[in-house]
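Trainee: Sequence isn't available, so here's the structure alone:
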């Protein structure tokens, strides 16, 4: 875990890029992805950051620093309503979707062995420009898919 003070000190004292420009940085919502990637890939794991739900100020500052210096941020989160809202915030920052699209959701929802109900949102939802058809597919399938359920796909992408 990295603190706001650590990120702020780094950005203030060493404004140079943390990584070479155009480095892909993978970002996930759930710390279980980082734990599994560490176990599976060890030192061969590419840069991977977990925001643990809604990105903290420290995470936002770090990601903005990386984006400002040319990093390619790929984001994945849970397929539920809050997960989409978090993903949308990440896309607005400059990230791009990492298996956060209609087809990825449908594949995961279809093969889910443990189904968790996803109720229709009781608030207005709109289609996200970064994931056309995803909201409608989630409403139709009514299945919540957490990152842990697509762990194999995510780890395969990191190799």
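Mentor: Sure thing, it's come through. The shown structure was predicted, so the numbers you read here are calculated from the model rather than taken from an experiment.
Trainee: list the buried ones in stretch 78-85?
Mentor: 78-81, 83-84 (16 or more other C-beta atoms under 10 Å). In short, each C-beta sits where N, CA and C put it, glycine included.
Trainee: could you pull out the helices for the chain?
Mentor: Applying DSSP state H to the chain gives helices spanning 4-13, 31-41, 57-68, 81-93, 102-111, 134-141, 151-158.
Trainee: Nearest to the spatial middle of the chain, which residue is it?
Mentor: In the chain, the C-alpha nearest the mean C-alpha coordinate belongs to residue 76, at 2.7 Å (C-alpha atoms, centre = their mean).
Trainee: Find the nearest non-adjacent residue to that residue, please.
Mentor: residue 98 (4.2 Å; C-beta to C-beta, 6 or more residues apart in numbering).
Trainee: what about that neighbour, distance to residue 91?
Mentor: According to C-beta to C-beta, to the nearest Å, residue 98 and residue 91 sit 11 Å apart.
Trainee: I'm done for today, thanks for sticking with me.
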